[in-house]
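K.L.:
Structure, please.
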Amino acid sequence: MDFTPRQGRTVEDGVPSVQTFFKDGNAQIFFHAAKGWRMAGGGNEVMFYPSALDGYIRLGNSPVGAAVPFDETGLSTYTEAARRMLPKQAEAIEILSQKADAYPLDDWKSYEMWFGYESCGVKSVCWILFITMTPDRQICYVVDGKKQNFDAIYTDSRAMLGSWFEPPAGWPLAAQ
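P.N.:
The predicted model follows:
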């Protein structure tokens, strides 16, 4: 998937609007970024930064791949990959929880891991969600922030992820 943010004008119920989308081959995956969040990057991954909180969201192609199952045999592979996604200076790393299919989104399968860690004496939380969209496509959603403001970052991240949709044929995209 190409995570370069693109915009397209649409008309829904007679109301024109601008939508942000990513390309997956010929398909387009649309989403609504949280108000006030800045996007950076593209290609293999995109980053989102809130304007008033210390944290980020990283969305990209998974380093694991869809062929590795979300079961006991694949768990060590996902744990290793998730640990590599934590900041390099993370210390006192603790797995807080992990669960398969904890986040229902379409008919996609998912595996989430929650981490607590310290960096430069500051306690932080990281939520990592692996999402298998198709047998050949897996993405990864990383939400990270200081423990004191993580709930606000996490709430926005869930809203952004929940807004994802792949429009059906004939959906009214006016221009790209």
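
K.L.:
May I see the buried residues of the longest helix seen in the chain?
P.N.:
Counting residues, the longest helix found in the chain (DSSP state H) is helix 150-162. Using 16 or more other CB atoms under 10 Å as the test for burial, helix 150-162 gives 150, 153, 154, 156, 157, 158, 160, 161. Placement of C-beta: from N, CA and C, glycine included.

K.L.:
how near is the second one to residue 54?
P.N.:
When CB to CB, to the nearest Å is applied, the distance between residue 153 and residue 54 equals 9 Å.

K.L.:
Name the residues contacting each of those two.
P.N.:
With CB atoms under 8 Å, 6 or more residues apart in numbering applied, the overlap between the contact sets of residue 153 and residue 54 consists of residue 145.

K.L.:
Closest to the mean position in this structure, which residue would that be?
P.N.:
The residue lying closest to the centre of the chain (CA atoms, centre = their mean) is residue 141, at 2.7 Å.

K.L.:
That one bridge partners, please.
P.N.:
Residues in a beta bridge with residue 141, per DSSP bridges, are residue 59, residue 129.

K.L.:
returning to what we had before: I'd like to check what contacts the longest helix of the chain. Which residues are they?
P.N.:
Contacts of helix 150-162 (CB under 8 Å, 6+ apart): 31-34, 37, 48, 50, 53, 55, 57, 103, 105, 124-125, 127, 129, 141, 143-145.

K.L.:
what separates it from the chain centre, distance-wise?
P.N.:
Centroid separation for helix 150-162 versus its chain: 10 Å, with CA atoms, centre = their mean, to the nearest Å.

K.L.:
Would you mind confirming that residue 31 makes contact with residue 163?
P.N.:
Yes: Residue 31 is within contact range of residue 163, at 4.9 Å (criterion: CB atoms under 8 Å).

K.L.:
Of these two, which one has the most company?
P.N.:
residue 31 (17 against 14; other CB atoms under 10 Å).
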